[in-house]
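[1] give me coordinates for this.
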Amino acid sequence: MIRSKQKIIASVSLLGVAFALSGCITPVNVVPGMCTSMRATTMLDVHLMFGLTKPNGQAISDDEWNSFTQNVVTPLFPSGFSVIAANGQWKDTVTGSVTREPSRILWIATPDRPNLQHDLNLIRERYKQDFAQQAVGLTIATECASF
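    Reported below is the predicted structural model:
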């Protein structure tokens, strides 16, 4: 009889824990279902992060930035992109010092395509070359998007 009570208590406790946790877990199919209902498609969410200070301390001007996006980015992503003004922080790979500077985040929603990696690398390398930068940050995530 005691064992039966212990089994019942354990079963009820386990059921209670499962019920309590069910509100904390999002069903896996929520996002794909929402993507479909919003007539969205799977795309890549690309963020490129650019510092706006040259090694000599001189700022990269708005004209220089606009020329770069017009001549380098737009031909590769003619469907569009967004630019977000930001304040960045990074660690200098040569001196080890932490630097804060104005920056820009280039936000691109794009389908995956055969030459995408090449195009992103071209943007990053061209910016590093043109403005003597050590790095251009990059993040890529999968998303659903609709325009």
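
[2] right, and the helix or strand after the lengthiest strand in the chain?
    In the chain, with assignment by DSSP state E, the single longest strand is strand 98-110. Remark: after strand 98-110, the chain's next helix or strand is helix 116-131, criterion DSSP states H and E.

[3] chain center to that next one, what's the gap?
    17 Å (Cα atoms, centre = their mean, to the nearest Å).

[4] next: stretch 128-147.
    8 Å.

[5] number of residues surrounding residue 135?
    Using other Cβ atoms under 10 Å, residue 135 has 13 other residues around it. C-beta coordinates here come from the backbone N, C-alpha and C atoms, glycine included.

[6] I figured it was touching residue 91, is that so?
    No - between residue 135 and residue 91 there is no contact under Cβ atoms under 8 Å: 10.1 Å.

[7] buried set for stretch 87-96?
    Using 16 or more other Cβ atoms under 10 Å as the burial criterion, the residues of stretch 87-96 that qualify are 88, 90.

[8] other residues contacting it?
    49, 51, 97, 98, 99, 100, 101, 102, 103, 134, 135, 137 (Cβ atoms under 8 Å, 6 or more residues apart in numbering).

[9] could you dump those to a markdown table with distance to residue 77?
    Shown next, in a markdown table, are the contacts of stretch 87-96 (distance: Cβ to Cβ, whole Å):
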| residue | distance to residue 77 |
| --- | --- |
| 49 | 16 |
| 51 | 21 |
| 97 | 34 |
| 98 | 32 |
| 99 | 28 |
| 100 | 28 |
| 101 | 25 |
| 102 | 23 |
| 103 | 19 |
| 134 | 24 |
| 135 | 21 |
| 137 | 17 |
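
[10] just put the residues you listed in TSV and tack on pLDDT and distance to residue 124.
    Compiled in TSV, the contacts of stretch 87-96 are given as follows (pLDDT from 0 to 100; distance: Cβ to Cβ, whole Å):
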residue	pLDDT	distance to residue 124
49	98	10
51	96	12
97	91	23
98	94	22
99	88	19
100	94	21
101	95	17
102	97	19
103	98	14
134	92	11
135	93	8
137	97	9
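
[11] filter those down to the buried ones and hand me the ChimeraX line.
    A single ChimeraX command selects the buried members of these (16+ other Cβ under 10 Å):
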select :49,51,103
